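# give me a model of this one.
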Amino acid sequence: MFARTLVHAIPLLLFVPADVVAQSRDASPEALYRRALTLAPVLQRKALVDAAARGSLQAAGRMIELGMWDDLARIDPRSDEASAWAGTGLTLDGMTAEQIHNVVQANWAAAGSKESADVQRIRAQIERDGVESPFIANALARLCERVEPRRVEKAQALRHDLAQAFEARAERADPMVRGACLHAAAESLRPDLVPGGDWALAAAMYGRAAQARDAAGDAAGSGDSLFEQAWCLGPQEQTSRDWKQAAELFARSARAREQVPDLSGCARSLYWQAWCLQPDHDVKGDWIQATALFARSAKLREQAGDLAACGESLFAQAHCLQPSVNPAGTWAQAVELLARSAALLEQAGDLAGAGQSLHEQAWCLQETMNPAGDWSQAASLAARAAQLRRQGGDLAGCGGSLFLQAVCLLHGGRDRSQLAAARAALSEAHDVLGQVPGSTQLATVDEWLASLKDS
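Next up is the predicted model:
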């Protein structure tokens, strides 16, 4: 059913009326903006990006109102059209043209692979024209929270009254912006963003946002709000978790994102739905369902070309199949998935993640757990895992893999060469973990080294 609905969802984006396509080729930026407002939400979001890229200040302003941060990062602020915004002197819904340009510039630079911007200067310029607009206050708070050098206290101050401001603003907004306002209000109720926040209140506000976005037909927005509502109830650390409700909300988020279609977003929702269903997180969970959802997540991420995320899903799927946690699982399947995970992560440039997958693969090949295991192969994989983790900057993980390598060598036999190799691995682990503040594994490594001193 999932694959079938996904296939049917894709043509919805392709059948844009021919007259709209033809007219958009020669239309002015503001005509493109006005035309975008007549489209259904899924098409409107795409049309806004096109209009803003062609120079529509109003389209860029509406993208800020809708919280289209990833899409804003696709607008090149250096273009002649965008550079001209600041000189217009216009103010749109409390946002000055210069502020809009600066928000676009900051998001574009923060997306990476572009020339770095003077973030502090841009943030100061945004603030210079005032932050009475909740949309500007929210955009500036996000930049202070997410972009180095971070200014957490400033972000908290900006968010102090934003929940109430956005809730009031929602009352007089059009349907799409209303849902975005309620979503932004929920952000400013989160304890991880504001002191004294409340996960339950944030979850309820995200729920209101999802309802408003559903009513407006904004599937992309609804999927985002449902995801954050689920996050407030499940994966993040809090005492009043509701695993079942969180899993159901992640499932709804996946279905909404499927309609767009947003393969990566759908896969992310499925990943966390599966995470909530793992019995080692929720004792009432289901290994079979969690495993299947991680597999679907991996497949969608592969289709989307997101190799690193696909490797992450495969890693989680392998965990669900390890007999040490799931008696119905099989070591062979877990090992195969971990090998695929490592290959994809290394291909994507995530060396630390690839090393973690290889470490786990080595762990699964220990003969004390896996009757079909192989100490020699496990030791080789652990050695390679240590190398990748060191290259990826994960010194704690590197030390752990070196320790695992030594364990596998010593279990595989204790001839002179194996003892020497194990001692070398432990010595290297000692040196690496000595660089990790507060390492909990260093003492264990030293104990093993001492036991081999006279061997």
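
# now stretch 72-88: mean pLDDT?
Mean pLDDT, stretch 72-88: 92.

# residue ranges of the helices in the stretch 351-455 of the chain, please?
Under the criterion DSSP state H, counting those that start in this stretch, helices of the stretch 351-455 of the chain are mapped to 351-364, 375-391, 395-412, 416-433, 442-451.

# which residues sit against the fourth one?
The list of residues contacting helix 416-433 from outside it, by C-beta atoms under 8 Å, 6 or more residues apart in numbering, reads 379, 383, 386, 390, 395-396, 398-400, 402-403, 405-406, 409-410, 412, 439, 441-442, 445-446, 448-449, 452, 455. All C-beta spots, glycine's among them, are computed from the backbone N, C-alpha and C.

# ok, 7 Å please
395, 398-399, 402-403, 405-406, 409-410, 412, 439, 441-442, 445-446, 448-449, 452, 455 (C-beta atoms under 7 Å, 6 or more residues apart in numbering).

# from those, which would you call buried?
395, 398-399, 402-403, 405-406, 409-410, 412, 439, 442, 445, 448-449, 452 (16 or more other C-beta atoms under 10 Å).

# now, which of these sits nearest residue 370?
Taking C-beta to C-beta as the measure, residue 370 lies nearest residue 412 of those, at 13.9 Å.

# touching, that closest one and residue 376? I think so.
Yes - in this structure residue 412 lies within contact range of residue 376 using C-beta atoms under 7 Å: 5.5 Å.

# give the burial count for residue 155, as a bare number.
21 (other C-beta atoms under 10 Å).

# ok, residue 211 next?
15.

# just residue 305 next, same as before
That count, for residue 305 with other C-beta under 10 Å as the rule, works out to 11.

# tell me the contacts of it?
Residues near residue 305 by C-beta under 7 Å, 6+ apart: none.

# what of residue 385?
355, 358-359, 362, 401.

# show the pLDDT at the nearest residue to residue 352 once chain neighbours are set aside.
Among residues not flanking residue 352 along the chain, residue 392 sits closest, at 3.0 Å (C-beta to C-beta, 6 or more residues apart in numbering). With respect to pLDDT, residue 392 has a value of 97.

# okay, and the residue nearest to the spatial centre of the chain sits in which element?
Central residue of the chain (C-alpha atoms, centre = their mean): residue 268, 7.5 Å from the mean position. According to DSSP states H and E, residue 268 maps onto helix 263-277.

# after that helix, which helix or strand is next?
helix 287-303.

# just checking, what packs against that following helix?
In terms of contacts (3 or more C-beta pairs under 7 Å, 6 or more residues apart in numbering; DSSP states H and E), helix 287-303 is packed against helix 263-277, helix 307-320.

# switch to 10 Å and redo it
Under the contact criterion of 3 or more C-beta pairs under 10 Å, 6 or more residues apart in numbering; DSSP states H and E, helix 287-303 touches helix 2-9, helix 243-259, helix 263-277, helix 307-320, helix 331-347.

# in the second one, what counts as buried?
The reference is to helix 243-259. In helix 243-259, counting by 16+ other C-beta under 10 Å, buried: 243, 246-259.

# what is the nearest of these to residue 178?
For the buried residues of helix 243-259, the minimum distance to residue 178 (C-beta to C-beta) is 17.0 Å, reached by residue 256.

# OK, contacts around that closest one?
Residues near residue 256 by C-beta atoms under 10 Å, 6 or more residues apart in numbering: 210, 213-214, 218-227, 262, 265-266, 269.

# helix, strand, or coil at residue 196?
Residue 196 carries the three-state label coil when classified by DSSP: H, G, I helix; E, B strand; the rest coil.

# tell me the contacts of it?
Going by C-beta under 10 Å, 6+ apart, the list of residues near residue 196 reads 156, 160, 189.

# what's the ChimeraX line that selects buried ones from those?
Here is the ChimeraX command that selects the buried residues among these (16+ other C-beta under 10 Å):
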select :156,189
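
# low-confidence ranges in the protein?
1-26, 112-117, 236-239, 455 (pLDDT under 70).

# picking that back up, the residue nearest to the centre of the chain is in contact with residue 250, isn't it?
Yes - if you go by C-beta atoms under 10 Å, residue 268 and residue 250 touch, sitting 9.0 Å apart.

# overlap of the contact sets of the two?
residue 227.

# any idea how far the residue nearest to residue 134 when sequence neighbours are not counted lies from residue 158?
Using C-beta to C-beta, 6+ apart and skipping the chain neighbours, the partner closest in space to residue 134 is residue 165 (4.3 Å). According to C-beta to C-beta, to the nearest Å, residue 165 stands 11 Å off from residue 158.

# who has more neighbours out of those two?
With neighbours defined as other C-beta under 10 Å, residue 165 and residue 158 compare such that residue 158 has more, 25 against 21.

# which residues sit against the host helix or strand of the more buried one?
According to DSSP H and E, residue 158 maps onto helix 152-159. Residues outside helix 152-159 that contact it (C-beta under 10 Å, 6+ apart): 123, 127, 131, 134, 136-146, 151, 165, 184, 187-190, 193-197.

# Throw the contacts of residue 196 into a markdown table and include distance to residue 66, thanks.
Below are these laid out as a markdown table (distance: C-beta to C-beta, whole Å):
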| residue | distance to residue 66 |
| --- | --- |
| 156 | 24 |
| 160 | 23 |
| 189 | 19 |
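
# hmm, back to that, tell me the helix or strand right after the helix holding residue 158.
Downstream of helix 152-159 (by DSSP H and E), the next one is helix 162-170.

# thinking again about what came up before, and the furthest pair within the contacts of residue 385?
So for the contacts of residue 385, where distance means C-beta to C-beta, the most widely separated pair is 355 and 362, at 10.4 Å.

# SS state for residue 212?
Going by three-state DSSP: residue 212 is helix.

# that one: how many residues sit nearby?
Neighbours around residue 212, by other C-beta under 10 Å: 24.

# one more: the one 4 residues further on?
Applying the criterion other C-beta under 10 Å, we find 19 residues in the vicinity of residue 216.

# and the closest residue in space to it that isn't next to it in sequence, what does it touch?
Of all residues not flanking residue 216 in the chain, residue 175 sits nearest, at 3.6 Å (C-beta to C-beta, 6+ apart). Residue 175 makes contact with 41, 212-213, 215-218, according to C-beta under 10 Å, 6+ apart.

# and for residue 355 and residue 362, which residues touch both?
381-382, 384-386, 401.

# residue 353 and residue 71, how far apart?
Distance from residue 353 to residue 71, by C-beta to C-beta: 27 Å.
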